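> Have a look at this prediction, sequence included:
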Amino acid sequence: MALAIELSGITKRFPGVVANDDVNLAVEDGEIHAICGENGAGKSTLMKILYGMQSADEGTMAVNGAEVVFGSPADAIDAGIGMVHQHFMLADNLSVIENVILGAEPTKVGLIDQRNAHRHLEEVGAAYGLEIDPDDLVEELEVGERQRVEIIKVLYRGAKILILDEPTAVLVPQEVDELFRNIRELKADGATILFIDHKLEEVLEIADTITVLRQGRTVATVKPDDVTTGDLAELMVGSELPTPETTQSTVTSEVALAVTGLTVLDEDDRPSVDDVSLTIHRGEVVGIAGVEGNGQTELVEAIIGTSRPAAGRIELLGSDISHESVRHRRANGVGYIPQDRHHEGLLLEAPLWENAALGHQMKAPYGRGIWFDRVGAQDITAEICDQFDVRTPDIDVAALALSGGNQQKLIVGREMTAEPDVLIASHPTRGIDVGAQAAVWDDIRAARANGMATLLISADLDELIGLSDTILVMYKGRIVAELDPGSVTPRELGGYMTGAAV
């Protein structure tokens, strides 16, 4: 068949790192082509080159048989390529139609042609089975619906080749089913799909062809019928597929964290967390399940201290910390793995040893009071990199030079070496590969066995079920179910999360 995309000998170098090393990729017209690889394998860099966000140092690109050179995403869009990013690029306070036409507004006598915009959007939605009300506010949409808007947005601009970056990362199983139906309809209507994913079972279900990258190089292109998840994991990281399963209970009778009647109001004085109570014992992992936007983020912010609750009480080892500062909570035993490592977890331009000190700079070995110990910080950072397998040329490189998985392992290492009594882990393995994921699971299990209490918020339902001793479901700001991880299935959990089983 004709090739929609052909990348030949793509090489991209950064200081101290070869991100893509003579990568070759051939994507047939009208197929769903999955790209797999651990963090640092070069997937994101390759897609950024294809989408015009970066330029290759060597190699050529061809789209529909014609060689191209892209200087910006606008060039890629003009060539019929659209990208749906893992983190949605939508304005919550605008309607669906306003988001879709933003930057590509049809005009008539100098004004936005709303009638033409609505007609075009409805045509695109109907053609690809992606109908959605153009006048709905984005902030009122479910996560799966928001993703549909992102897909419509690139189709509206004429894209026939779609890059979907980790499209299932925040979806429950029912929403994944709907997404896969949409993807198959896109394919049936002639679209070509590039599908980047870490969930190998999903890759085998949806892909026509799979290309595996490892250490910046193409190591295999296979058909789903010819491989298993174990085969793909072996190609990606050289080992079997890890599982988060935890078999032995380490829960004690000592309460480490108690939250009672917690209520958090949004800017319109509506409860985003509504009278939530929970208890975590030493040696226990309590998982929080919920579709994004149901109060999990606000719950975490209230416990960490970055927001003030309207009501309720938070106790750490029996002491009331409801009105204490973030610094006080951190100094007294609260560890934190944030959901967004770039905006909350790291100073991307700073070296690793400065990032390792974040939140701990007032305590040895990083410092004592106002005095910062640079040598102590560097020594402990080297230990973190060694113990937690943070792959880096040295500890003086900037955090932005690391792959996502290595950035995450640095954050996990920073928090674990502080030996917290309570760890708030918010999506600790989001966007990282199976190798880094297994390392984070091992770290949480080991600390749990040593008595650490963990509040685990995750969109990965297998992770929640495997690691948790108890699962609480949040829906519209409230705890609506307490479930046994030993008996609940991901699909049943998804039913509670979407309100269908409430």
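Yep, that arrived. Numbers count the residues shown, from 1 in each chain.

> where exactly do the helices run in the stretch 401-502 of the chain?
Remark: helices assigned in the stretch 401-502 of the chain by DSSP state H, counting those that start in this stretch are 404-417, 434-449, 461-467, 490-497.

> element containing Met61, please.
Take DSSP states H and E as the rule and Met61 turns out to sit in strand 58-63.

> in the next helix or strand after that strand, what's buried?
With elements assigned by DSSP H and E, the helix or strand that comes after strand 58-63 is strand 66-68. Within strand 66-68, the residues scored as buried using 16 or more other CB atoms under 10 Å are Val68. (Glycine included, C-beta is placed from N, CA and C.)

> Could you export the helix or strand following strand 66-68 as PDB, CA atoms only?
Per DSSP H and E, the first helix or strand lying C-terminal to strand 66-68 is helix 73-78. This file holds the C-alpha atoms of helix 73-78, laid out as PDB (Å, rounded to 0.1, in the frame of the first residue of the first chain):
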ATOM      1  CA  PRO A  73       3.200  22.800  13.500                       C
ATOM      2  CA  ALA A  74       1.400  25.100  11.100                       C
ATOM      3  CA  ASP A  75       3.400  23.400   8.300                       C
ATOM      4  CA  ALA A  76       2.400  20.000   9.500                       C
ATOM      5  CA  ILE A  77      -1.300  21.000   9.700                       C
ATOM      6  CA  ASP A  78      -1.100  22.300   6.200                       C
END
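
> Can you list the neighbours in contact with helix 73-78?
Contact with helix 73-78 is made by 50-53, 68-70, 82-83, 154, 157-159, as judged by CB atoms under 8 Å, 6 or more residues apart in numbering.

> what's the distance between the residue nearest to Ala399 when sequence neighbours are not counted and Gly405?
Spatially, and ignoring its direct neighbours in sequence, Ala399 is nearest to Leu346 (4.6 Å; CB to CB, 6 or more residues apart in numbering). Leu346 sits 13 Å away from Gly405 when distances are taken as CB to CB, to the nearest Å.

> Likewise for Gly125?
Using CB to CB, Gly125 is found at 36 Å from Gly405.

> Which of those two has more residues huddled nearby?
Ranked by neighbour count (other CB atoms under 10 Å), Gly125 and Gly405 place Gly405 first, with 26 against 22.

> Assess the claim that the more buried one and Ala438 are in contact.
No - contact criterion CB atoms under 8 Å: Gly405 and Ala438 do not qualify, at 10.6 Å.

> could you flag which of the contacts of helix 73-78 are buried?
For the contacts of helix 73-78, a burial check counting by 16+ other CB under 10 Å picks out 50-52, 68, 70, 82-83, 154, 157, 159.

> Closest to Ala26 out of these?
Leu50 (12.7 Å; CB to CB).

> for that closest one, what are its contacts?
5, 7, 61, 70, 76, 81, 163, 194.

> In JSON lines: those residues, plus pLDDT and distance to Gly30.
Converted to JSON lines, those look like this (pLDDT from 0 to 100; distance: CB to CB, whole Å):
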{"residue": "Ile5", "pLDDT": "95", "distance to Gly30": "12"}
{"residue": "Leu7", "pLDDT": "95", "distance to Gly30": "18"}
{"residue": "Met61", "pLDDT": "95", "distance to Gly30": "19"}
{"residue": "Phe70", "pLDDT": "94", "distance to Gly30": "22"}
{"residue": "Ala76", "pLDDT": "94", "distance to Gly30": "19"}
{"residue": "Ile81", "pLDDT": "95", "distance to Gly30": "15"}
{"residue": "Ile163", "pLDDT": "94", "distance to Gly30": "15"}
{"residue": "Leu194", "pLDDT": "95", "distance to Gly30": "12"}
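
> Next, format these as a markdown table and append distance to Leu179.
Shown next, in a markdown table, are those (distance: CB to CB, whole Å):
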| residue | distance to Leu179 |
| --- | --- |
| Ile5 | 22 |
| Leu7 | 26 |
| Met61 | 27 |
| Phe70 | 27 |
| Ala76 | 23 |
| Ile81 | 20 |
| Ile163 | 15 |
| Leu194 | 15 |
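
> Can you pick out the most distant pair from those?
Phe70 and Leu194 (14.9 Å).

> in this structure, which helix or strand is least confident?
strand 107-108 (a mean of 70; mean pLDDT, DSSP states H and E).

> Give me the mean pLDDT for the helix or strand that that strand is followed by.
Using DSSP H and E, the next helix or strand after strand 107-108 towards the C-terminus is strand 111-112. Throughout strand 111-112, pLDDT has a mean value of 74.

> What helices and strands are in contact with strand 111-112?
Here strand 111-112 touches no other helix or strand, going by 3 or more CB pairs under 8 Å, 6 or more residues apart in numbering; DSSP states H and E.

> For Leu179, which residues are in contact?
By CB under 8 Å, 6+ apart, the contact set of Leu179 is 144, 147, 167-168, 171.

> Shouldn't it be within a helix?
Yes - judged by DSSP: H, G, I helix; E, B strand; the rest coil, Leu179 forms part of a helix.

> Now do it, the pLDDT please.
With respect to pLDDT, Leu179 scores 86.
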